[in-house]
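Chemist: Got a predicted structure plus its sequence, pasted below:
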Amino acid sequence: MAMDIVYIEGLTGQTVIGIDKSELHDPQPVRMSLAIGVPSLRACVTDRIEDTVNYAAVREAIHALLASHGLQLLEALAERIAQMVIADFGAHWVRVNLAKPAKFDDVEAVGVVIERRRSVDVGAGASPVSLAWIGRGYVPE
């Protein structure tokens, strides 16, 4: 299935995240980029915001999540972001690149990249997302 991609690149925010005692109280900067895949956006034809992923609404939801998540690991936060984008914004596939740009003095950034896709069959006990392998190209096969 062909997918159109709506993306947010270089979103920055502040959040409390980490496992070191120095990271558990004060917010620190995080930077992320998202690629959100949806089948053939109707907005290409209709020119209506209702027919696409509203990246302003995604941005607002991410900032709210950064203020309230209570997680320690970037991996868990990236997963929460991916699940939110799939469940709340209708994505069929999402790539989340999440980084701490100020973790170490001698490193530009540390982080994680995950890809998730909407599960075809979400039955009892099934997860709404499943792993999609990284590295096969920009859009999942």
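Modeler: That came through fine.
Chemist: can you pull the buried residues of the longest helix seen in the chain?
Modeler: Across the chain, the longest stretch assigned as helix under DSSP state H is helix 74-89. The neighbour-count check on helix 74-89 (16 or more other C-beta atoms under 10 Å) flags Leu74, Leu77, Ala78, Glu79, Ile81, Ala82, Gln83, Met84, Val85, Ile86, Phe89 as buried. (Each C-beta comes from the backbone N, C-alpha and C, glycine too.)
Chemist: Cross-check the contact I'm expecting between the fourth one and Ile114.
Modeler: Yes - because the distance of 6.6 Å satisfies C-beta atoms under 8 Å, Glu79 is recorded as touching Ile114.
Chemist: got TSV for the buried residues of helix 74-89, with distance to Ile62 too?
Modeler: Compiled in TSV, the buried residues of helix 74-89 are given as follows (distance: C-beta to C-beta, whole Å):
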residue	distance to Ile62
Leu74	14
Leu77	10
Ala78	11
Glu79	13
Ile81	6
Ala82	11
Gln83	12
Met84	8
Val85	9
Ile86	14
Phe89	11
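Chemist: rewinding a little: give me the contacts around the longest helix of the chain.
Modeler: The contact list for helix 74-89 (C-beta atoms under 8 Å, 6 or more residues apart in numbering) reads 15, 17, 30, 32, 34, 36, 53-54, 57-58, 61-62, 65, 69, 71, 91-92, 94, 96, 98-100, 110-114, 116-118, 128-129.
Chemist: what's the spacing between it and its chain's center?
Modeler: Taking C-alpha atoms, centre = their mean, to the nearest Å, one finds helix 74-89 lying 5 Å from the centre of the chain it belongs to.
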